[in-house]
Every structure is written in C-alpha cells, then in structure tokens.
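Colleague: Below is the sequence, then the predicted model.
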Amino acid sequence: MAKAVHTMVRVSDETRSVAFYKNAFDLDISQRLDFDGFTLVYLKNSENDFELELTINKGQDTPYDLGNGYGHLAFVVEDLDAEHTRFEQAGYAPRKLVDFKNNDELLARFFFVTDPDGYEIEVMQRHGRYQ
C-alpha cells in the first residue's frame, strides 16, 4: 500500500511562514535544503511522520496565483518501477521517472501523475527521509 509523506506549498517569506506554521500547528523544521534557485523547508510535529514542504523560490517578487500555483501530495511506495508500470497499464499516463539529487547525493526517486481533476501527485520510492 501507499503512505502519504508530505504536501507542498510555495511561500514568499520563509521566516513568516515558518512562524505561522509553528504557532498555528506546532510544526518545527525537520530539514532545510538550500538549492541555487529555491529552498525546501520540511515541517512536522511529534503527532506523525507527515510533513509540510515549504518551497521558497528565490527571486519571486510577486504573490503566487493560487489558482494555478504549483503544489502536490506525495506518497511513498516500495517498488517505484513496478508502480510506474502499473500506472501506465491503468492508463494514468505517469510522467517520467526522476532521480532528484543534491551534491550527487540521491534525495529522492519519483514520478508525477495527475488525478482526474488535474491535481499533481508525486509517487516516490521509499528511501532516505521518505519512509
């Protein structure tokens, strides 16, 4: 079976957003990853393993259009290749498999699929921080 591991939202002000989620939901930073064009901040609490991923795009100076802003729900699976094949056979048209690395370290292996309403769902190989 699949296990939900995180959902992602784009935010314009990291400090303000981290403070809000700490105050509103008692979420703490579990990991922060800085890249050239964006920063990922993972938030969670002691209640469960599910995380909120904040994405801060560097150079973003206008508010996001939430009507078409990018976001996703993520699930981890034991055998990503088998799931990709299963999704293809079901006619779900999964996108290509991706190896996501930071400084040559594999952070995640995944593919995206779109649900019937157009929502993006990330399907990830159980690995590293994604258990």
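Modeller: Cool, got the structure.

Colleague: can you give me the helices in this protein?
Modeller: In the chain, the segments counted as helices under DSSP state H are 14-25, 80-89.

Colleague: need the contact list for the nearest residue in space to residue 98 that is not next to it in sequence.
Modeller: Taking CB to CB, 6 or more residues apart in numbering as the measure, residue 98 lies nearest to residue 110, with 5.6 Å between them; neighbours along the chain are not counted. Quick note: C-beta positions are derived from backbone N, CA and C, even for glycine. For residue 110, the residues meeting the contact criterion (CB atoms under 8 Å, 6 or more residues apart in numbering) are 74, 80, 97, 98, 100, 122, 123, 124, 125.

Colleague: Pass me the low-pLDDT residue ranges in the chain, would you?
Modeller: Applying pLDDT under 70 to the predicted model, the residue ranges of the chain that meet it are 66, 68-70, 116-117.

Colleague: before we move on, the earlier item: just the buried ones among the contacts of residue 110, please.
Modeller: By neighbour count, with 16 or more other CB atoms under 10 Å, these hold 74, 80, 122, 123, 124, 125 as buried.

Colleague: related to what we said a few turns ago, TSV please, covering the helices of the chain and showing distance to residue 61.
Modeller: Formatted as TSV, the helices of the chain follow (distance: least, CB to CB, whole Å):
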stretch	distance to residue 61
helix 14-25	14
helix 80-89	36
